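Chemist: need a 3D model of the following:
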Amino acid sequence: LGPDDIKGNVKSHVLVTFPVTRHAPPGSLKWSADMQLSDISIARKIDGQTVENADGSLFVTQSEARIEAEAKLNGVPAEIELFEPLGDNAAQREQKVTLKLDDKTRNGLFPALAPLLSGPISVNIEKAPDGSRLAVADLSKAEIRLAQLGWTKGAGVKASARFAIQQDGDDVKISDLDVAGDTFRLRGNVSVVDGDLKTAEFGTARLNRGDNVAVKVTRTQYGYRVDVKGDAFDARPLLSQITDRKQRGESAGAGGKQRILVNADIGSVTGFYSEDLSNVSLSYEGVGTAVSGLAFNASTKTGRQILAADSSESGSRSISLQSKDAGGVLRFFGDCDKMQGGDISDTLDSKGDGPLRGQIDARNFTLVNEPRLASLVSSSPNGTSLNDAVKKNIDVSSVTFERGFSQIEKGDNYISLANGVIRGSTIGTTFQGVLSDPKGNMALTGTFMPAYGINRIFGDLPVLGLFLGNGRDRGLIGITYKLVGPLKQPQIIVNPI
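Modeler: From the prediction side, this is the model:
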């Protein structure tokens, strides 16, 4: 470095000691320089780094030089500690740098990390003998998001990362990465080229307690490919994220414009209500939350297979779901824990930007301890309940149904039902209306009645008898009802026929 390469202010205190004698022994001359640095900027790069606005101190003797300063390295606020042996000093060089990264600074340097990280982080960096830099990052104040896996580490949750980093301009290679918190751990390697993520390969990806999978993310021409393989994965955060998006009313195009390909083969996947699926195979392709292709294959605890598909071609879309364990499917996704067994078949189709239309058909299933059924048969808005009308207490603790059917229309953030019917040997109901609106609320109406009352009248009124309830005693044999309010906890409003 020459004088023209350095700009700023320096205040120096130089101390020289020597014996005042004609024949001074070698080494008797000693000196030291203690310099205070202010607003120092260096034109040339030092070890590949630009140094600007440095404030601190430089202490130099015949055997060493030490620098302690705050500066900007490549525009990033940093704390710097350097030790350089001089002369015959055999000590090792030391370089310690602590970077202070806020969102603006980090996203400017590594825009590819913006979807994954938010919030301040500090990184301590030491230079290794091979020229790479060993880093320890405090991630406790930052939020980490892996949207494709439905996982988030919140700000304030203690976490740290250790890794070796080699950087050449906008190309960064992160090796031996180890991100750890109390309940999660990621270990692997990351490569960034021209500021964009190229690959991220994690041999260990434990996002939740009990997880045991490996994840590989690869940059493609149009987005990213994610491969997941392993023995166990907890899908509840991912399922909750999907539900939250619906409740927030996010459109199908939300979630980014990059194409995501996901292939997963996992031995066991945990859902809600202690329901696990085994031998799970998933192939997915989509942009944001818009699905262009999906194939899903798994088995429930009872050994029954689940097959699901979602495909788009030439402006048309088709969705299907089949399983011999309808109750297991609904429990896994957190939709209902009162249903046991049953066959389920669901088919939906759409053209262009129109809504999906189709039907759902369930057979031979049982509802156990469903509080809404108990409320319907015992409600007496005008003094007479359904139990009173049929002169017996209808047992709804465990009710088996031969069939449940409904036509479905699924549009942008809404699901509506029409011509719905559920019938069993004891009770039955018809229903129609909105199952879920953009705010996550339902508004269904229907007629609820004992099935044997319908059967008794069927011969006299072959058409109207399916819906009306006038028997020989001319008594009340059914009630109309409304289910309104939040999808998870709707309010029941009943009126007699």
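
Chemist: which strands border the helix or strand harbouring Q167, and is each parallel or antiparallel?
Modeler: Per DSSP states H and E: Q167 is located in strand 159-168. According to DSSP bridges, strand 159-168 has the following sheet partners: strand 133-138 (antiparallel), strand 171-181 (antiparallel).

Chemist: want to throw those into CSV with mean neighbour count?
Modeler: The way it works is simple: take the backbone N, C-alpha and C, and place the C-beta from them, glycine included. Output for those, formatted as CSV (neighbours: other C-beta atoms under 10 Å):
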stretch, mean neighbour count
strand 133-138, 17
strand 171-181, 17
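
Chemist: so G315 touches D349, yeah?
Modeler: No - taking contact to mean C-beta atoms under 8 Å, the distance of 11.7 Å between G315 and D349 leaves them out of contact.

Chemist: columns mean pLDDT and distance to S240 on top of the strands paired with strand 159-168, output as a markdown table?
Modeler: As requested, the strands paired with strand 159-168 are exported to a markdown table (pLDDT from 0 to 100; distance: least, C-beta to C-beta, whole Å):
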| stretch | mean pLDDT | distance to S240 |
| --- | --- | --- |
| strand 133-138 | 88 | 28 |
| strand 171-181 | 89 | 19 |
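
Chemist: what about V484, how many residues close to it?
Modeler: Neighbourhood size, V484 [other C-beta atoms under 10 Å]: 15.

Chemist: could you dump stretch 483-491 to CSV, C-alpha only?
Modeler: As requested, the backbone C-alpha atoms of stretch 483-491 are provided in CSV (Å, rounded to 0.1, in the frame of the first residue of the first chain):
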residue,chain,number,x,y,z
LEU,A,483,-74.5,-24.5,10.6
VAL,A,484,-73.0,-21.0,10.6
GLY,A,485,-69.7,-19.5,11.7
PRO,A,486,-66.1,-20.6,11.7
LEU,A,487,-65.4,-23.9,9.9
LYS,A,488,-63.8,-25.6,12.9
GLN,A,489,-66.5,-24.4,15.4
PRO,A,490,-69.8,-23.5,13.7
GLN,A,491,-73.0,-22.6,15.6
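
Chemist: contact partners of it?
Modeler: The set of residues external to stretch 483-491 that reach it, using C-beta atoms under 8 Å, 6 or more residues apart in numbering, is 372, 433, 435-436, 440-446, 492-493.

Chemist: and if you look at stretch 271-281?
Modeler: Stretch 271-281 is contacted by residues 235-236, 239, 264-270, 295-301, 306, 328, 331-334, 337 when judged by C-beta under 8 Å, 6+ apart.

Chemist: what about 7 Å?
Modeler: 235-236, 239, 264-270, 297-301, 328, 331-334, 337 (C-beta atoms under 7 Å, 6 or more residues apart in numbering).

Chemist: among those residues, name the buried ones.
Modeler: Applying 16 or more other C-beta atoms under 10 Å to the contacts of stretch 271-281, the neighbour count classes 235, 239, 264, 266-270, 297-300, 328, 331-334, 337 as buried.

Chemist: helices of this structure, start to end?
Modeler: Listed in chain order, the helices of the chain (DSSP state H) span 103-109, 236-248, 326-332, 371-378, 386-389, 451-458.

Chemist: helices or strands up against the fourth one?
Modeler: Taking 3 or more C-beta pairs under 7 Å, 6 or more residues apart in numbering; DSSP states H and E as the contact definition, the neighbouring helices and strands of helix 371-378 are helix 386-389, strand 491-496.

Chemist: hang on, the earlier thing: in terms of neighbours, single out the busier of G315 and D349.
Modeler: Neighbours of G315 and D349, each counted by other C-beta under 10 Å, are more numerous for D349; the result is 13 against 10.

Chemist: for the residue nearest to the more buried one when sequence neighbours are not counted, the count of nearby residues, please.
Modeler: Closest residue to D349 in three dimensions, ignoring its sequence neighbours and counting by C-beta to C-beta, 6 or more residues apart in numbering: S318, at 5.1 Å. Taking other C-beta under 10 Å as the criterion, the count of residues near S318 is 15.

Chemist: kindly report the same for the one 3 residues further on.
Modeler: Other residues within reach of L321, judged by other C-beta under 10 Å, total 18.

Chemist: and the contacts of stretch 483-491, which two are furthest apart?
Modeler: G440 and G446 (20.2 Å; C-beta to C-beta).

Chemist: for ChimeraX, what selects the buried ones among the contacts of stretch 483-491?
Modeler: ChimeraX command restricting those to the buried ones, with burial defined by 16+ other C-beta under 10 Å:
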select :433,435,436,440,442,444,446
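
Chemist: so which of the contacts of stretch 483-491 sit within strands?
Modeler: Cross-referencing these with the strands (criterion: DSSP state E) gives 433, 435-436, 441-446, 492-493 as the overlap.

Chemist: for Q305, name its beta-bridge partners.
Modeler: When bridges are assigned using DSSP bridges, the partners listed for Q305 are S299.

Chemist: and if you look at R363?
Modeler: So, taking DSSP bridges as the rule, R363 has D343, R403 as bridge partners.

Chemist: please apply the same query to S436.
Modeler: I415.

Chemist: paired strands for the top strand by length along the chain, with orientation please.
Modeler: With secondary structure taken from DSSP E, the chain has its longest strand at strand 30-46. Based on DSSP bridges, the strands next to strand 30-46 in the sheet, each with its direction, are strand 6-17 (antiparallel), strand 49-61 (antiparallel).

Chemist: as TSV, those strands with mean pLDDT would be great.
Modeler: Output for these, formatted as TSV (pLDDT from 0 to 100):
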stretch	mean pLDDT
strand 6-17	92
strand 49-61	91
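
Chemist: winner for burial among those?
Modeler: Burial of those is given as mean neighbour count (mean count of other C-beta atoms under 10 Å); strand 49-61 ranks first at a mean of 17.

Chemist: just the CA atoms of that strand, as PDB, please.
Modeler: Once side chains and other backbone atoms are set aside, the C-alpha atoms of strand 49-61 remain, and they are given as PDB (Å, rounded to 0.1, in the frame of the first residue of the first chain):
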ATOM      1  CA  GLN A  49     -12.200  -7.200   1.100                       C
ATOM      2  CA  THR A  50     -12.800  -3.500   0.700                       C
ATOM      3  CA  VAL A  51     -12.300  -1.500   3.900                       C
ATOM      4  CA  GLU A  52     -14.200   1.800   4.500                       C
ATOM      5  CA  ASN A  53     -15.000   4.100   7.400                       C
ATOM      6  CA  ALA A  54     -12.700   2.300   9.900                       C
ATOM      7  CA  ASP A  55     -12.500   3.600  13.400                       C
ATOM      8  CA  GLY A  56     -10.200   2.000  16.000                       C
ATOM      9  CA  SER A  57      -6.600   1.400  16.900                       C
ATOM     10  CA  LEU A  58      -3.400  -0.100  15.400                       C
ATOM     11  CA  PHE A  59      -0.600  -1.100  17.700                       C
ATOM     12  CA  VAL A  60       2.800  -2.100  16.100                       C
ATOM     13  CA  THR A  61       6.100  -3.300  17.500                       C
END
